[in-house]
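[1] build me a structure from this.
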Amino acid sequence: MSNLAQPDAGGTGGPMSGVGEEICLLSEAFTAQTVTPLRHLLAAQIAAAGLTGDLAEDLVLAVHELVTNAVLHGGGQGRLDLIRRADLLVCEVSDHGDQAEADLTVHLPPSTTAGGRGLWLAHQLTGALTLTRRPDGMTATVTASLIDPPAALPGLPPADRRGGDEGLPRR
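    I've put the predicted structure just below:
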């Protein structure tokens, strides 16, 4: 499954969600040498924004996968922007790699394939991944809601908070 968007003439790509003012919580350039400190800084900013627990950990891991992909496949460097739009955290990871011919399918590769799971993991962990091809590179966007998901009705199992589990075995 791929959610590949066309370039956004208004700036960085990504879904527009929420109403009201955008607040930039973090905007950092990164390289291979700064991936780990960036992950710690991102985790602190996400917690400060009010997202905690498993959802926060999932968002941090998803973004870490996108940052690693940018380093490995997008020219060795990039930029991470964490934005709050109303009750939504939006994280955009942009790079300047030549990915015109890149395979952007978001599916689980065969178990015999080394690597290739970063986009799939980001999608599974957040339930929302948008890839935007720009003239000068790629932007991957993931989102997380700061509002608690609704509680399950009595007698029904809780909803999967991540979504997008199509094709995965159920327990």
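
[2] helix or strand: which one has Val93?
    Using DSSP states H and E, Val93 falls within strand 88-95.

[3] and that strand, what does it pack against?
    Where contact means 3 or more C-beta pairs under 8 Å, 6 or more residues apart in numbering; DSSP states H and E, strand 88-95 is packed against helix 53-73, strand 77-85, strand 137-145. No exception for glycine: its C-beta is placed from N, CA and C like everyone else's.

[4] low-confidence ranges in the chain?
    1-20, 99-117, 148-171 (pLDDT under 70).

[5] OK, contacts around Ala62?
    Taking C-beta atoms under 8 Å, 6 or more residues apart in numbering, we find Ala62 in contact with Cys91, Leu121, Ala122, Leu125, Thr126, Leu129, Val142.

[6] among those, which pair sits farthest apart?
    Cys91 and Leu121 (14.2 Å; C-beta to C-beta).

[7] the two: who's more crowded?
    More neighbours surround Cys91 than the other of Cys91 and Leu121, with 27 against 19 (other C-beta atoms under 10 Å).

[8] please name the residues that touch the more buried one.
    Counting by C-beta under 8 Å, 6+ apart, Cys91 touches 42, 59, 62-63, 66, 80-83, 141-144.

[9] same check on Ile46?
    Ala56, Leu59, Val60, Leu82, Leu89, Ala144.

[10] my guess is the third one meets Ala44, correct?
    So the one you mean is Val60. No: Val60 is beyond contact range of Ala44, at 9.8 Å (criterion: C-beta atoms under 8 Å).

[11] compare the two (neighbour count), which wins?
    Just comparing Val60 and Ala44: by other C-beta under 10 Å the higher neighbour count belongs to Val60, 22 against 12.

[12] need phi/psi at the residue nearest to that one when sequence neighbours are not counted.
    Leaving out its chain neighbours, the residue that sits closest to Val60 by C-beta to C-beta, 6 or more residues apart in numbering is Ala43, at 4.9 Å. Main-chain torsions, Ala43, degrees, to the nearest 10: phi -60, psi -40.
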